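>>> When you get a sec, could you give me coordinates for this:
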Amino acid sequence: MVMPSNLASGLYRARGLYGRAVWIQCAAMLAAQLAQVAAIALTGHLAVIALAFVVPQVLAAAWLAFVDARRLFPRLAAPRAAVRLSWRWIAGQFRRAFPFAVASSTEIALQNLPVLFISAIMTDRVAVAQWGLTRLVAGLVRGLCMQVTLPLAAELGHDRAIGARDALRRLYARGSVLVTLVASLAVSVLLAFWQDFFALWTRGAIAYDMPLTLTLLIGAEMVAPAILALSYGYYSDRGGLLARTKGLQLASFVVLSLVLTPWMGLLGMAIAVVATDLLVQLGLLAGVTISKTLERPLRHAVFLAFLMVTVTGFGWALGAAIRSVSPLGGLAGFVTECGLWLVVMGLVASPLANAKLRMRLAGLIPT
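Below is the predicted model of the structure:
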């Protein structure tokens, strides 16, 4: 029921109004979370909790697609003269969209197949739950990066369409750094505090697997620049590259996962996920996109690697130091430690509030 609003969101994105759609969706999600809390407190019934989560999002999507979009874009509501479209024209539209559909479908499959394979191969139910919970947090990092790239990708596609190569290079380089910073910050705080939250979340019923967490989180961070290349590809004429890349990634993942998982368990599946991400999506898709977009792609890649190591190392070390001196435990200790981490990181990043300093630092990014 929410899916029709995706068309409206795409229109908002293309017209420079994506922030409006995001705020509406975020407000709906906040209302859904609060409604869930109320349903848990008042009824504790799972069906009521699910409805409390779904209804605000459906209402917001309907308002976005059928009310707000028509108000902002009156031509959507204006009566149209009858237009006769040929089947040949319709088939041509689907033919042009087919490579992008293949890439999107493969991306969805790659997100869900690991859980299905783990459930089919592993007999230990605790291991299946452990994989699902740990993969969830790695998916959070990927989701954050994807949200950051959506408005950037629309601008990049526009610059490419009008032939503004200088603006394209500058925006791509800065956008790549922004996505890398978001991923590095998220991974640094998760590496520092995820173990405590995992224990609180599972109430100690599921053991914390450090190698699995490190593999998935660091892999999600390293592949962050490729997410910008993926989003940009959907807004350009690179449908063939997207389809080939995602098809190769799917095939290599299936082979690697079926070989490594029976042998190494959860860690084998994690290696299969990360290896295919790095070798195919980062090495092929991002490599081709960066080399054709930037003038100094190797220098830019080295800059991103340095940024990842510096930000992740500092944030992780800061979290470890805070945990070592914190006298509190349980939920109160976890909230206090995370709050202190945010305060310190905010103070460290506060010089970036200066516009001149930001422009100076942006000038150092290799393009």
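
>>> So which residues of the stretch 251-367 of the chain form helices?
Under the criterion DSSP state H, counting those that start in this stretch, the stretch 251-367 of the chain contains helices at 266-276, 287-293, 297-325, 330-349, 355-363.

>>> same question but for the stretch 51-200 of the chain, I mixed them up
Under DSSP H, counting those that start in this stretch, the stretch 51-200 of the chain gives helices at 69-72, 87-121, 125-162, 165-202.

>>> Determine which stretch of the helices of the stretch 251-367 of the chain is the most buried.
helix 266-276 (a mean of 22; mean count of other CB atoms under 10 Å). C-betas here are computed from N, CA, C, even on glycine.

>>> just checking, what packs against that helix?
Packing partners of helix 266-276 (3 or more CB pairs under 8 Å, 6 or more residues apart in numbering; DSSP states H and E): helix 87-121, helix 125-162, helix 210-222, helix 239-264.

>>> Pick the most deeply packed of the ones you listed.
Most buried of the helices and strands packed on helix 266-276, by mean neighbour count (mean count of other CB under 10 Å): helix 210-222, with a mean of 20.

>>> Can you add distance to residue 9 and mean pLDDT and give the helices of the stretch 51-200 of the chain back as TSV?
Formatted as TSV, those follow (distance: least, CB to CB, whole Å; pLDDT from 0 to 100):
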stretch	distance to residue 9	mean pLDDT
helix 69-72	9	85
helix 87-121	15	86
helix 125-162	9	87
helix 165-202	19	91
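
>>> Of the helices and strands packed on helix 266-276, which is nearest residue 64?
Between residue 64 and these, the tightest spacing by CB to CB is seen for helix 125-162, at 15.3 Å.

>>> For the helices and strands packed on helix 266-276, give me CSV that also has distance to residue 25.
Output for the helices and strands packed on helix 266-276, formatted as CSV (distance: least, CB to CB, whole Å):
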stretch, distance to residue 25
helix 87-121, 19
helix 125-162, 10
helix 210-222, 23
helix 239-264, 25
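
>>> Among the ones you listed, which comes closest to residue 175?
helix 125-162 (4.2 Å).

>>> How far does the closest one sit from its chain's centre?
With CA atoms, centre = their mean, to the nearest Å as the basis, helix 125-162 stands 1 Å off its chain's centre.

>>> what's that helix packed up against?
Looks like helix 125-162 contacts helix 5-14, helix 18-42, helix 87-121, helix 165-202, helix 210-222, helix 224-234, helix 266-276 (3+ CB pairs under 8 Å, 6+ apart).

>>> can I get those in TSV with distance to residue 60?
Shown next, in TSV, are the helices and strands packed on helix 125-162 (distance: least, CB to CB, whole Å):
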stretch	distance to residue 60
helix 5-14	8
helix 18-42	3
helix 87-121	23
helix 165-202	25
helix 210-222	28
helix 224-234	23
helix 266-276	32
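
>>> Indicate which one of these is closest to residue 294.
Using CB to CB, the nearest of the helices and strands packed on helix 125-162 to residue 294 is helix 165-202, at 5.7 Å.

>>> buried residues in the closest one?
Buried positions in helix 165-202, judged by neighbour count with 16 or more other CB atoms under 10 Å: 168-173, 175-194, 196, 198-199.

>>> Over to stretch 28-48?
Residues 28, 31, 32, 35, 36, 39, 48 are the ones in stretch 28-48 that count as buried (16+ other CB under 10 Å).

>>> what sits against the fifth one?
When the contact criterion is CB atoms under 8 Å, 6 or more residues apart in numbering, the partners of residue 36 are 49, 52, 53.
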